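Participant: dropping the sequence and predicted coords here.
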Amino acid sequence: MTGANIKKILVIDDEVYIRDSVIGFLEDFGFEVISAENGRTGLEIFDTHHPDLVLCDLRMPEMDGLEVLTGVRERNSKIPIIIVSGAGNIADTVEALRLGAWDYIIKPIQDMNVLYHAVNKALERAELIREKHQYEKDLEAANGQLRMSLETLERARDQLVQSEKMAALGELVAGVAHEINTPVGVGVTAASFLDAKTSEVKKIYEAGELKRSELESYLQTVEEVSNSILINMERAAELISSFKQVAVDQSSESRRQFNLKEYIHEILLSLRPRYKKTQHAINVACEPDIELNSFPGAFSQILSNLIMNSLIHGFQGIEKGIISIHISRQEGDILFVYRDNGRGMGPEEREKVFDPFYTTMRGKGGTGLGMSIVFNLVTQTLKGGIECESEPGRGVAFIMKFPEQRENG
């Protein structure tokens, strides 16, 4: 043993011959040995020298071995104690073991190797216990750091998801605003034209020169222009109404009653600016009487992310893509099947499709959160399940199933 590895042993025995022979034997094996001739002195030395192991006789003056054992246990329960007992003290030895002694040796010691092995065994066991406690402390500290890291990651994830939702909402706003510009612009132009024609007719009328043919022409113009204004304003109103409801639902997590087919129509209307200049088509087959008391914002985000996934990834290099949405009841559940006839996915892409931050468009604006958000909304918000089926060149299908009715709360 060297330096810091030297173990310190306290020998407590009132018989000088036995005490000295044990001390000499242990010192020959490199142990540092301190001794006491009775239990009271032994405890005092224990308090000042902090030994790694205690060898203690049972029958001693002033304080016996059982009292020493109790005192050591109160001070440090991890220190190994080996009882050195006479052959006639077996009952006391059993009591010592019950009180926490680690081992016992019958004296007189006929073979000192028995003492050596008992001491080594006790010290090894004490070291294993110390390492176990240290491992548990390190593990607890690591778990604490892991919990903190997990909480940080969850906060970061929530912030990223919220940013993704707001980015999608921003794109929705921009698209709908652009879409609304057309009917509003037509309406404003028509109204300006009607105002100018009215001013002309008014001047002719005030001059008393208005002819019947001119009045009839004016009335026909009013009818045509008014009809154009009405059609375009209704179109703008429909867009605004759909956008308003979808935007409110996307930015909140509240539950409400809604008709699923009608709401799907509103979602597609708000998304129309994203695909109207393409040749892609979206076909919807939904039972008309599905009334849900659920989270419309979840449906809006799910459908928006699926459609954008098809437009950006699935239809890459495809001019005329087809998206099919089929929604039906199935034994108390809603079966929601989304398909496209795009380029499809290989096994590796399909396996990772719901992983956060997985994207094939890294560096091209893809965050990799869209399908992860879909998975979480289906499984957590709607309490359902989702599966992906796809092969290269054969499109993709997302099969979702969730309860038709859910209790409030």
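Facilitator: Okay, I see it. Residues are numbered from 1 along each chain as shown.

Participant: CA atoms for contacts and neighbours, from now on please.
Facilitator: Will do.

Participant: can you pull the buried residues of stretch 344-352?
Facilitator: Neighbour-count burial for stretch 344-352 flags 344-345, 349-350 (criterion: 16 or more other Cα atoms under 10 Å).

Participant: tell me the average confidence for that stretch?
Facilitator: Averaging pLDDT along stretch 344-352 gives 87.

Participant: format the buried residues of stretch 344-352 as TSV; extra columns: distance to residue 320 and secondary structure.
Facilitator: Formatted as TSV, the buried residues of stretch 344-352 follow (distance: Cα to Cα, whole Å; DSSP: H, G, I helix; E, B strand; the rest coil):
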residue	distance to residue 320	secondary structure
344	15	coil
345	18	coil
349	23	helix
350	23	helix
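
Participant: and the next element down the chain from the lowest-mean-pLDDT helix or strand in the chain?
Facilitator: Using mean pLDDT, DSSP states H and E, helix 212-251 stands out as the lowest-scoring helix or strand of the chain, at a mean of 72. The helix or strand immediately downstream of helix 212-251 is strand 256-259, counting by DSSP states H and E.

Participant: counting contacts, what elements does that next one pack onto?
Facilitator: strand 291-294 (3 or more Cα pairs under 8 Å, 6 or more residues apart in numbering; DSSP states H and E).

Participant: so what touches the strand it packs on?
Facilitator: Strand 291-294 is contacted by residues 255-260, 382, 404-406 when judged by Cα atoms under 8 Å, 6 or more residues apart in numbering.

Participant: could you point out which element follows whatever helix or strand residue 371 lives in?
Facilitator: If you go by DSSP H and E, residue 371 is part of helix 370-376. Sequence order places strand 385-390 as the next helix or strand after helix 370-376, per DSSP H and E.

Participant: tabulate the CA atom coordinates of the helix or strand just after that following strand in PDB.
Facilitator: From strand 385-390 onward toward the C-terminus, using DSSP H and E, the following helix or strand is strand 396-403. As requested, the backbone C-alpha atoms of strand 396-403 are provided in PDB (Å, rounded to 0.1, in the frame of the first residue of the first chain):
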ATOM      1  CA  VAL A 396     -47.900   8.800 -49.500                       C
ATOM      2  CA  ALA A 397     -50.800   8.100 -47.200                       C
ATOM      3  CA  PHE A 398     -51.400   9.300 -43.700                       C
ATOM      4  CA  ILE A 399     -54.100   7.200 -41.900                       C
ATOM      5  CA  MET A 400     -55.400   9.000 -38.800                       C
ATOM      6  CA  LYS A 401     -58.000   7.700 -36.300                       C
ATOM      7  CA  PHE A 402     -59.300   9.500 -33.200                       C
ATOM      8  CA  PRO A 403     -62.400   9.400 -31.100                       C
END
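
Participant: show me what the mean pLDDT comes to for strand 396-403.
Facilitator: Averaged across strand 396-403, the pLDDT comes to 93.

Participant: which residues of this protein score low on pLDDT?
Facilitator: Within the chain, the stretches with pLDDT under 70 are 1-4, 87-89, 156-182, 238-253, 356-369, 405-409.

Participant: can you show me the strands along it?
Facilitator: Along the chain, the stretches classed as strands by DSSP state E are 8-12, 32-36, 53-57, 81-86, 103-107, 256-259, 281-286, 291-294, 322-330, 333-340, 385-390, 396-403.

Participant: thank you kindly, that will do.
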